[in-house]
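Student: predicted model and sequence follow; I will ask about them next.
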Amino acid sequence: MLKDKNQPVFEDKWPSMRPSILKLLRQEAVSRAEWHDLFWLVHSVCLWDDKGPPKVYGALREDILEFIKQAQERVLSHQEEQALLKAYIAEWRKFFTQCSYLPMPFGQLETALQGKTTTAVSKKTQADESVVRKLMLDSWNQSIFSNIKQRLQDSAMKLVHAERTGEAFDSQLVIGVRESYVNLSSNTDDKLQIYRDNFERAYIEATESFYRVQAPDHLKENGVQNYMKYADSKLREEEQRAHKYLESCSGSVQNLTDSCVSVLVTAFKDTILAECAEMIRANETEKLQLMFKLLDRVPQGIDPMLTVLETHIYQAGIADMVASAEVITADSEKYVEQLLELFRRFSLLVSQGFRDDPRFLTSRDKAYKKVVNDTSIFKLDLPYKTGASNKTQPESKCPELLANYCDMLLRKTPLSKRLTSDEVEAKLTDVLLVLKYVQNKDVFMRYHKAHLTRRLILDTSADSEKEENMVEWLREVGMPADFINKLSRMFQDIKVSEDLNNQFKEQQKLLKKENTADSVSIKILNVGAWARTSERVPVTLPRELEDFIPEVEEFYKTKHSGRKLQWHHHMSNGTVTFANKTGKFDLEVTTFQMAVLFCWENRRDDKISLENLRLATELSDGELRKTLWSLVAFPKLKRQVLLYEPSTSKPVEWDENTLFWINQDFALVKNSKVQRRGRINLIGRLQLSTEKSREEENQGILQLRILRTQEAIIKILKMRKRISNAQLQTELVDILKNMFLPSKKLIKEQIEWLIEHKYMKRDDDNINLFIYMA
């Protein structure tokens, strides 16, 4: 049915619409028929009357404002704060409920006012963007809320203050005020704008004001340690309170926590930190944990704690080392045990005091690394060249002592016999832990290899399986592959050598020459994997051995043509039987000791001068003196093998005419009883080290470092082609850190050497830029 366009539809229909609208505002019952009629009437007016939508909007606004005015009067009739809050919250909640229902019948009005031709908008969007809902919220905001928001806010803050001071009240009042702030905003872009600008700001300011007064007083009266407990409990309390009274999804709780941290912790940061060093010294882990918990909330708050911890660990570690320096320098077991005890102690401190926080673990590692690599207690002097003169640079002796300790665990020693297999493994794992902090791992590698050589040649390994496992563990902790491969090769060589030995003995049996072959074991080893020193010391062997050597060489030629055997007698050893009127004794000796003893083979009672011994053995003066000293002053013997005159306190005091002779009363003495038979090992620490070998060892370490540095520089340049000095140094340290830490001086010298030999050059325009030359 079409209507006349000029008919005043709005004026006609509004009196029918208004009663339902007022009922909805007052939350009175509306029948289904009235509800449906309201939808139809709004639809009719907006569709048929051109000026209908603005008129409906205007009339609706007046009714809403009138309703709000009445609500305001009802609220303001209460003077007492809590009553005012209760009244406001009750009115607001009723009104806010209607904000969801009243806009429903006005869908056509929305469409007409927004110029839309369709109502196909999602319900959620419609509800949020509803013109009527916006009108209702804006009207409430402008009339009632603007007038009393300050009173509401102040009343709510007073209630929160009362709660802080321990008074009881209805928390729903504050929550109700918060809800009205949160729901009032009709701004679709930022729905929490009113809440954030008013309630949140007021809440945070009130909290800050409260603690600005309370915190300094508490600190003054109770001291730092009690204040930390107070600050921690108040931060927790305020966080819980914020979850109750602030809007959780707006970031308000975080904002409040930040401001509380600022007032309670940041303001007193320096005072709190002043206690840190003493707490660490006294190992007060619970207090440290609390301090860490508080200061970790402050930006860069724990940085000073990290520095204090690092300083403490270094100083305490060095102090402990210095206190027991005499013991640990002489005993590598005590040294490693002390290092491990320090590590466990500091790790426990970090675990209990700082909950194993990665930043504190890093500080522990830095300080422990300094202790491990410290040179103030004992040092290893490595030579380095400066022009014409050779000087020495001090380095930590830790890698050498670690290698000695490994040797004690892997060799047949009282220590390894005392421990079970699992205990040995645990201690080796501990060594690897300390090794992780050693800067100059190449020194450890050298000494470890020397000890392994000794164990394999003398066959003194306590457990061959552990030996091979140790090689794999070293691979796992990042030792260089070429070093590990050489160690693996040594084990292979020993197995191959055993097979050769058996074949040689079989051949000797066939030739009916087995007498010497049975008592001699030959080890044919690869010089690349084993050789530690280029030096081969000349010595005159007993005749039986001298005749035996060509036979071994002939046999080897039949197996491997084109290979040359070099005899390293200083790496050999044997057993000689010493018989006298007291009894019969087996002496385990080095080849040099054997050569010296055999000088008396055919003249048992003669006294021989040092000069004649030198001629007979062909040993160098230094080696001869060292070997003789081991036979005249062996620490474990009460009766020595040789005697000499005139008496001296050290071997350098002997002259050419010093006389030596066999001690005919030689015997082993146990518990003050002379033994008639027995076996004694006279090899001691002599084996495998000649006079020059230690010096050469240190020189070798340095030489290898030079080559490794050159090799790494070329590797980087090949990859990069062009590189700045700073970047080259960084990458170089990164490549070499598993072996040693190259000094700036070493890097500079090697760069100059490589430039001089045309491996690389400097850029013409920038001297700090290096270019690779193919």
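Tutor: Received it, and whenever you're ready, just let me know what you need.
Student: for the stretch 451-600 of the chain, just list every one of the strands.
Tutor: 573-579, 584-590 (DSSP state E, counting those that start in this stretch).
Student: relative orientation of the last one and strand 573-579 in degrees?
Tutor: What that stands for is strand 584-590. 150 degrees (axes from the mean of the first three to the mean of the last three Cα atoms, to 10 degrees).
Student: per-residue confidence, residue 351, what does it come out as?
Tutor: Residue 351 carries a pLDDT value of 90.
Student: phi first, then psi, for it.
Tutor: For residue 351, the backbone dihedrals (degrees, to the nearest 10) come out as phi -70, psi -50.
Student: do you know how far residue 408 is from residue 417?
Tutor: Per Cβ to Cβ, to the nearest Å, residue 408 is found 11 Å from residue 417. Just so you know, the C-beta spots here come from the backbone N, C-alpha and C atoms, and that holds for glycine as well.
Student: typo on my end, it should be residue 370
Tutor: Distance from residue 370 to residue 417, by Cβ to Cβ: 36 Å.
Student: which one's more surrounded, the two?
Tutor: More neighbours surround residue 370 than the other of residue 370 and residue 417, with 17 against 8 (other Cβ atoms under 10 Å).
Student: tell me the SS of that one?
Tutor: Classification of residue 370 using DSSP: H, G, I helix; E, B strand; the rest coil returns helix.
Student: quick check: it touching residue 311?
Tutor: No - counting by Cβ atoms under 8 Å, residue 370 does not reach residue 311; the two are 10.1 Å apart.
Student: joint contacts of these two?
Tutor: Between them, residue 370 and residue 311 share no contacting residue under Cβ atoms under 8 Å, 6 or more residues apart in numbering.
Student: picking that back up, any idea which of the strands of the stretch 451-600 of the chain is most buried?
Tutor: The highest average neighbour count among the strands of the stretch 451-600 of the chain, using mean count of other Cβ atoms under 10 Å, belongs to strand 584-590 at a mean of 19.
Student: quick one: mean pLDDT for it?
Tutor: 86.
Student: same check, this time on stretch 510-527
Tutor: 72.
Student: distance between the ends of it?
Tutor: End-to-end distance for stretch 510-527, by Cα to Cα, to the nearest Å: 31 Å.
Student: and residue 536, what pLDDT?
Tutor: Confidence score, pLDDT, at residue 536: 69.
Student: if I pick residue 272, what's in contact with it?
Tutor: For residue 272, the contact set (Cβ under 8 Å, 6+ apart) comprises 224, 227-228, 265, 291, 294-295.
Student: out of these, which is most surrounded?
Tutor: residue 291 (27 neighbours).
Student: from what I can see that residue touches residue 305, true?
Tutor: Yes - assessed by Cβ under 8 Å, residue 291 is found in contact with residue 305 at 7.2 Å.
Student: find the residues that touch each one of these two.
Tutor: Common neighbours of residue 291 and residue 305 (Cβ under 8 Å, 6+ apart) are residue 276.
Student: longest helix anywhere in this protein?
Tutor: As assigned by DSSP state H, the longest helix anywhere in the chain is helix 201-245.
Student: helix, strand, or coil at residue 723?
Tutor: Quick answer, by three-state DSSP: residue 723 is strand.
Student: okay, and the beta partners of it?
Tutor: Applying DSSP bridges to residue 723 gives these bridge partners: residue 770.
Student: give me every residue that touches it.
Tutor: Per Cβ under 8 Å, 6+ apart, neighbours of residue 723: 716-717, 731, 769-770.
Student: and which of those is nearest residue 478?
Tutor: Nearest to residue 478 out of those is residue 731 (Cβ to Cβ; 17.0 Å).
Student: just the element for the closest one, please.
Tutor: helix 725-736 (DSSP states H and E).
Student: I'd like the mean pLDDT over the very next helix or strand once past that helix, please.
Tutor: Using DSSP H and E, the helix or strand that follows helix 725-736 in sequence is helix 744-756. Averaged across helix 744-756, pLDDT comes to 85.
Student: give the buried residues for the helix holding residue 731.
Tutor: Across helix 725-736, burial judged by 16 or more other Cβ atoms under 10 Å covers 725, 728-729, 731-732, 735-736.
Student: what's near enough to touch the closest residue to residue 372 other than its chain neighbours?
Tutor: Leaving aside its sequence neighbours, residue 372 sits nearest to residue 437 (Cβ to Cβ, 6 or more residues apart in numbering; 4.5 Å). Residues in contact with residue 437 (Cβ under 8 Å, 6+ apart) are 365, 368-369, 372-373.
Student: could you export the residues you listed as CSV, including distance to residue 712, pLDDT and neighbour count?
Tutor: Compiled in CSV, the contacts of residue 437 are given as follows (distance: Cβ to Cβ, whole Å; pLDDT from 0 to 100; neighbours: other Cβ atoms under 10 Å):
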residue, distance to residue 712, pLDDT, neighbour count
365, 24, 91, 17
368, 26, 90, 22
369, 21, 88, 15
372, 24, 86, 22
373, 21, 84, 16
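Student: mind putting those into TSV with distance to residue 428?
Tutor: Converted to TSV, the contacts of residue 437 look like this (distance: Cβ to Cβ, whole Å):
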residue	distance to residue 428
365	21
368	19
369	21
372	17
373	21
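Student: closest one to residue 159 out of the residues you listed, please.
Tutor: residue 365 (51.5 Å).
Student: sec struct for that closest one, please.
Tutor: Criterion first, three-state DSSP; result for residue 365: helix.
Student: roughly how far apart are it and residue 733?
Tutor: Distance of residue 365 to residue 733, given as Cβ to Cβ: 17 Å.
Student: pLDDT wise, what is the residue lying closest to residue 407 once chain neighbours are set aside at?
Tutor: Once flanking residues are discounted, residue 407 sits nearest to residue 451: 3.8 Å by Cβ to Cβ, 6+ apart. In this model, residue 451 is scored at 85, pLDDT.
Student: and for the one 5 residues further on?
Tutor: Residue 456 is assigned a predicted lDDT (pLDDT) of 84.
Student: number the chain from 29, please
Tutor: OK, 29 is where the count begins now, so the last one is residue 484.
Student: hang on, it packs against residue 517?
Tutor: No - with contact defined as Cβ under 8 Å, residue 484 and residue 517 do not form a contacting pair (11.4 Å).
Student: so between the two, which is more surrounded?
Tutor: Neighbours per residue, other Cβ under 10 Å: of residue 484 and residue 517, the larger number sits with residue 484, 20 against 15.
Student: and stretch 489-498, what's its mean pLDDT?
Tutor: The model assigns stretch 489-498 a mean pLDDT of 85.
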